[in-house]
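*Asks:* Provided below are the primary sequence and the corresponding predicted coordinates.
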Amino acid sequence: MRVRVNGTPVEVPEGSSVLAAVRAAGLEVPTLCHDERLSPSGSCRACLVRSGSAIVAACTTPAAEDADIRTDDETVAATVRRVVELTVERLPAAALDLPTELAAVCDQLGVGPEAFDGAGQGPGRGLGRDDSHPYVRLDADLCIACGRCVRMCDEVQGTFALTLVGRGADTVVAPGTGGPWVESACVACGGCVDSCPSGAISGPVPLPVAAAPTATVTRTTCGYCGVGCALDVHTRTAKSNPDPIPDPIPDPMTDPIPDPMADTDEPAIVAITPALDGPVNRGHACVKGRFAYDFVRSPDRLTTPLVRRAGRLEPTTWDDALALVGRELTRIRETHGPDSIAAISSARSTNEENYLLQKLMRTVIGTNNVDNCSRICHAPSAAGLTATFGLAGGTNAADDLDDADCILLVGANPTEAHPVIGARIMQRALNGARLVVIDPRRTGLARVADVHLRGRPGSNVAVFHGLARLLLDNGWVEEAFLATRADGWDELRALLDEYPPARVAELSGIEPAILAEAARLFGTARKPSIVYGLGVTEHAHGTDGVRTLANLAVLRGAVGTPNGGGVNPLRGQNNVQGASDMGALPDLLPGYQKVTDDAVRRRFGERWGTPVPPRPGLRIPEMFDAALTGKVRALYVFGEDILQTDPDSGHVRAAVEAAEFVVSQEIFPSATALAADVVLPGASFLEKDGTFVNFDRRFQRVRPALDPPGLARTDFAVVTAVARALGGDLGCPTPADALAECARLTPVFAGISHERLDREHALHWPCRGPDDPGEARLYEQEFATPNGRAQLAALPWAPPGESPDTAYPYTLITGRRLVHYNSGTMTRRTPNLALVPDEHLEINPDDALRLGLRDGDLVEIASRRGSIAAPGRLTDDVAPGEVFLSFAFPDVAANLLTSGETDEVTSCPEYKVTAVRLRKG
Ligand code: SF4
C-alpha cells in the first residue's frame, strides 16, 4: 500500500497505522501511551498528525491507500504542544529531570517547567508514593494516566493487577486490589516499570541511576529457567554505583543518589531489563530474570578455593586446591580404575563448560561416568521424543504458540516455572485459543482453561490413551497422515480398546464427560499444540508418558506439518537442554551420538587424540548406588546441590559420605559444597562467556557483565585447570573454540558458532552448516527415526512406583514456585526472599478439617524415608488426598521424603508421587 508522508511516497503493508507509515518514512512524532508490545490506545493524543483534512491520533488510525499524511502542520504542532502541557500541568516540575520518555517529549516540544506544578500556580497533587514492594515503586504524583502499565499487565503479562483510579486530572494507576502494591496480584515481571513513560513506576534503583548514559549494557541470556529470555544487564562502576536496594529508599524527586561503593572500581549491576528484540521473550521477563540479581554479590559467594583439613573446610590457594584434586583423582584412577570416578555436570552452566567437562571425563579420566540433571527432570523427554520422532528436543518453536488454536498443557505450571511462556499461553487463551490443562493441581492456567482434567498423580498414560481412544471413536484421527508418516497404528488402536472413558475414570478419577470435552477441543482444533512439563516426565513411567502424549500429536497429524503445533517440553533449568546436547550424558556424546557406535567413537577419538571408552557410564542414581558399594570412589559435582535437589536425600548423603573424595564446583556454600573435600569457586551466568540452549532448541549467547568475585573463576577456566592438574590438555583455549570443536564433531550443530550467534542472536538446532538458518519446526519432510516415520507407542498404563496406602495415605507432589528458583540458592539471596520468606505445605481444606489443621499450623510430613515439618496453607488448588511442596528452602527438605523410584527407561526420579502421612506438628 502506498501513502505519502510530508509529500514523500512510502510503501507500507496493508493494515499499517499512520504511525507505522510515519516511521517507515524515517520520521518520528511524539508518543507517550504507545508501546510496540501493546495494542494502540490513542489515549495520550501526543501523536496527532494530519491525514487529509482530519487531525488524527497516528497510533490508532489505519493508514488509507494514497493517504496524505503530514507531520509538519503548524496547527497540529500547536495542538500537540497544548495536549502535552495539559498532560503535565499537575505534575511536579522535577519530572523534567528524570530520563523518561515524557521528559524527552517535553524537551522536543519546548514544554518547560512553567507548564508543570499547576502551570506555575503551585506544587503537585500530593497523591503519594507506594514503596511497599521490594522491586516496584509507585510515585503517583508522576502518573499521567496513559494506561501503558495497565495494558502491559493485561496484554503481555496477563495478571490484570493494575487499574486506573480517580477522576479527571487526578486519575492515576493503582493496584486493582486497592491496598499496598506488595499485597496486590502483581507478579513483579517488571513490565509496568519498563513501559511507564513518566517515571511514576520505577524499579528498585532510582531511574536516573539505572538509565544514566555511563552505564554499560551487556546483552546476555537469563540463567534461571529454560525459556531463554534475552536480557540487557546494566552495570556501572565506582563512584556512581548505588546500593541495589537503597534503604531507606530515596525519593528520586528530592534525595541525592546514594554512593555507597565510591571506594571501589568494581562494576555493579544497577538494573536488568528484558531485550525488546529478545527472540523468545520480546521485551518481557519475570521476577527472577528481571530483578533477582543481587545474589551475584552476596557476601555468601564462594570467593576462594576451600580444602578440608582435619574435618574443616579452610580457604586455600588455587595451586593448593588443584594439586590436591590432581593428586587424589590420579591416585583413585590408578588404584581403582577410571570408572571409579564420576562427574555430575551442570545444567546451570554454559554449553562450552559442559562440553569441556564431558571431554575431561572421557579423555583425561577415561570414563563415560558423566551425567547431568536432565537425568532427574527431562531425560524421559529426550528418550521419548527420540523414540517417537528421532531427535531429543521439542518439535516446534515457541513462536508456533502464537497461532495454535488449542493448547494441551500437561503437567506444567508455566505461569510459575516458565513465566514468560506462561504469560504467552495465557494471552492465547484470552484471545480465543482453547486451553486444555491436564494437572492434578489447579494451577493459574487451569483456572482459565476451557477444560481442566484433574487426574490422580500417576494416571497420565491412562488419560492420554483415553483421549486417543476418543479421537479414534469420533473420527478425529488423521488417517492419511498415519498411513504416510507413522508406524504402529494397528498396535495402538488395539491397545486403545482397553481405555474406554469408564476405565480411564477408574484409573484417573476424571469424569468421562470432561474427558470427552477435552478430546473434542483437541480433536477438532485446526492447529493443536502440546506443551508439557515435569508432571509428565518425573514419574516411574515418565518415558511412557512422553511417548503416549506424543501419540496424540501424531494421531492428529499435528507434528511435522504446517498445521502442527507439535510436542514441546518446557525444560526446567536454563541450560538443561544444552548440557545434554553437549554430551554430558553417560551413553551419548555431543549431539546424542552413541558412545556404543564404533564409527562415532573413532571420529571423536581422532579429534580428541585419545580413544573414547566404549562402555556407557553410570547415570546419576547409579553413581550414588556405586558410591555406597565402593565402585565409585570419587565424585566431581559441578554446579548442582545434589543434597537438596536429588530424591531421597538421606541416600544421597550416605553416598557422598561414602565416597573417598568429593569435589564441588559451586558459587555458594551449598549443602553439597559443605560436604565436599575440595570446593572450587565458580562463576554465575552473569560472569560467563558462552551459550545456552533453551527449551525450543535455540542457541543464544551468554556474555559476562561482571568478573567472578575474589579468586573465583569461570567454570570454563576451572575445568581447564582441573584437566591440567591431571596432566591433560583439553585443547580449547576459549569458549568459542570449545563450541567450534563441538560443531566440527556434531553434524546437527555444524552451522553454529559464537561469531554467527553474535550476528544472528539465536539459532535453532539442527543447524547443519554456515548457511543453514536452523530448523525452528522439525520433521516437515520426514521424521528423524531410522525409517523416517513417527513411531506410535502402544504402551499400557502401569501404576506409579509408590502409591498411597493406609500407612501413608496422602500423595505428595513436588514442584516449583514463581519467586524461588529450584533449590532457591540464588533467589533466597535476593529481595525475592521478602516476597516469599518460607515454604509451606499446600493442603486441601477438607483434609485439613479431618486432621484438625488451621491455616498456618505446623504440619509434620512423613514418608517411608524421613520426616519434615512445614506450615500448612489451606487451598483447594490441591485435590483432597494430595499435598504440594517445593524444595526451595533447605529447612523444608522435601527430598528427604521423595523416593528412589525411577522411570524404568531413563532412571528419572518419581518426584511427582510420594506417599506421605500428615500430622499436626
Ligand atoms: Fe529468566 Fe525464565 Fe523468567 Fe525468562 S521466564 S526471565 S528465562 S526465569
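*Replies:* Noted; the coordinates are in hand.
*Asks:* ranges for the helices of the stretch 751-900 of the chain?
*Replies:* 754-760, 832-835, 845-851 (DSSP state H, counting those that start in this stretch).
*Asks:* name the stretch among those helices that sits most buried.
*Replies:* For the helices of the stretch 751-900 of the chain, average neighbour numbers computed from mean count of other CB atoms under 10 Å are highest in helix 832-835, which has a mean of 20. Using the backbone N, CA and C atoms, a C-beta is placed for each residue, glycine as well.
*Asks:* turn the helices of the stretch 751-900 of the chain into TSV, including mean pLDDT and distance to Thr825.
*Replies:* As requested, these are arranged in TSV below (pLDDT from 0 to 100; distance: least, CB to CB, whole Å):
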stretch	mean pLDDT	distance to Thr825
helix 754-760	97	28
helix 832-835	95	12
helix 845-851	97	31
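*Asks:* next, give phi and psi for the closest residue to the ligand within the stretch 651-800 of the chain.
*Replies:* The ligand sits closest to Asn694 of the stretch 651-800 of the chain, with a gap of 7.6 Å, by CB to the nearest ligand atom. Recorded main-chain torsions at Asn694 are phi -90, psi -170, according to degrees, to the nearest 10.
*Asks:* rewinding a little: need the helices of the stretch 751-900 of the chain in CSV (columns: distance to Gly26).
*Replies:* As requested, the helices of the stretch 751-900 of the chain are arranged in CSV below (distance: least, CB to CB, whole Å):
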stretch, distance to Gly26
helix 754-760, 25
helix 832-835, 43
helix 845-851, 62
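*Asks:* who wins for proximity to Cys106 among those?
*Replies:* Closest approach to Cys106 among those (CB to CB): helix 832-835, 35.3 Å.
*Asks:* show me what the closest one is packed up against.
*Replies:* Applying 3 or more CB pairs under 8 Å, 6 or more residues apart in numbering; DSSP states H and E, one finds that helix 832-835 contacts helix 287-291.
*Asks:* close to the ligand: what parts of the stretch 251-400 of the chain are there?
*Replies:* When proximity is defined as CB under 6 Å from any ligand atom, the stretch 251-400 of the chain approaches the ligand at Asn281, Ala285, Cys286, Lys288, Gly289.
*Asks:* where do the strands sit along the stretch 501-650 of the chain?
*Replies:* Per DSSP state E, counting those that start in this stretch, the stretch 501-650 of the chain carries strands over the ranges 528-532, 567-569, 588-589, 593-594, 634-638.
*Asks:* and those strands, which is most packed in?
*Replies:* Neighbour counts averaged per stretch over these are highest for strand 567-569, at a mean of 30; criterion: mean count of other CB under 10 Å.
*Asks:* which strands and helices sit next to that one?
*Replies:* Counting contacts by 3+ CB pairs under 8 Å, 6+ apart, the secondary-structure elements packed against strand 567-569 are helix 379-388, strand 528-532, helix 542-555.
*Asks:* where in the stretch 651-800 of the chain is pLDDT low?
*Replies:* Under the criterion pLDDT under 70, no range of the stretch 651-800 of the chain is flagged.
*Asks:* what does it have sitting close to the ligand?
*Replies:* Looking at the ligand, no residue of the stretch 651-800 of the chain is close enough under CB under 6 Å from any ligand atom.
*Asks:* list the buried residues of stretch 111-121.
*Replies:* Of the residues in stretch 111-121, those buried by neighbour count under the rule 16 or more other CB atoms under 10 Å are Val111, Ala115, Phe116, Asp117.
*Asks:* oops, could you answer that again for stretch 65-84 instead?
*Replies:* Neighbour counts over stretch 65-84 (16+ other CB under 10 Å) mark Ala67, Ile69, Arg70, Thr71, Asp73, Val76, Val80, Arg81, Val83, Val84 as buried.
*Asks:* what's that stretch in contact with?
*Replies:* Stretch 65-84 is contacted from outside by 1-6, 18, 21-22, 27, 29-30, 32, 44-52, 55, 58, 63, 105-106, 109-111, 115, using CB atoms under 8 Å, 6 or more residues apart in numbering.
*Asks:* what about these, which are in strands?
*Replies:* When these are checked against strands (DSSP state E), the matches are Arg2, Val3, Arg4, Val5, Leu48, Val49, Arg50, Ser51, Ile55.
*Asks:* may I see those arranged in CSV, with pLDDT as well?
*Replies:* CSV is the format used below for the ones in strands among the contacts of stretch 65-84 (pLDDT from 0 to 100):
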residue, pLDDT
Arg2, 95
Val3, 95
Arg4, 96
Val5, 96
Leu48, 96
Val49, 96
Arg50, 95
Ser51, 93
Ile55, 95
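*Asks:* for Thr31, which residues are in contact?
*Replies:* Residues in contact with Thr31, defined by CB under 8 Å, 6+ apart, are Leu19, Cys44, Ala46, Cys47, Cys59, Glu101, Val105.
*Asks:* ok, so of these, who is nearest Ala417?
*Replies:* Distance to Ala417, by CB to CB, is smallest for Glu101 among the contacts of Thr31, at 33.4 Å.
*Asks:* assign the single nearest residue of the stretch 401-550 of the chain relative to the ligand to helix, strand or coil.
*Replies:* When distances are taken as CB to the nearest ligand atom, the stretch 401-550 of the chain reaches nearest to the ligand at Val420, 3.8 Å away. Of the three states, Val420 takes helix according to DSSP: H, G, I helix; E, B strand; the rest coil.
*Asks:* that one: how many residues sit nearby?
*Replies:* By the criterion of other CB atoms under 10 Å, Val420 has 26 neighbours.
*Asks:* for the ligand, what is the nearest residue in the stretch 51-200 of the chain?
*Replies:* Distances between the stretch 51-200 of the chain and the ligand by CB to the nearest ligand atom are smallest at Cys189, namely 8.2 Å.
*Asks:* that residue touches Gly283, doesn't it?
*Replies:* No. The criterion here is CB atoms under 8 Å, and Cys189 misses it with Gly283 at 10.8 Å.
*Asks:* C-alpha coordinates for stretch 438-457, CSV please?
*Replies:* Only the C-alpha atoms of stretch 438-457 are listed here, as CSV (Å, rounded to 0.1, in the frame of the first residue of the first chain):
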residue,chain,number,x,y,z
ILE,A,438,-4.1,-31.9,32.5
ASP,A,439,-2.7,-31.4,36.0
PRO,A,440,-3.6,-32.7,39.5
ARG,A,441,-3.3,-29.1,40.8
ARG,A,442,-5.5,-26.2,39.9
THR,A,443,-2.7,-24.1,38.5
GLY,A,444,-3.0,-20.5,37.3
LEU,A,445,-3.7,-21.6,33.7
ALA,A,446,-6.0,-24.4,34.9
ARG,A,447,-8.2,-21.6,36.3
VAL,A,448,-8.7,-20.0,32.9
ALA,A,449,-8.7,-23.3,30.9
ASP,A,450,-11.7,-24.5,28.9
VAL,A,451,-11.2,-27.9,30.4
HIS,A,452,-9.1,-29.0,33.4
LEU,A,453,-8.5,-32.7,33.6
ARG,A,454,-7.5,-33.2,37.2
GLY,A,455,-6.3,-36.8,37.2
ARG,A,456,-4.6,-38.5,40.1
PRO,A,457,-0.8,-38.3,40.1
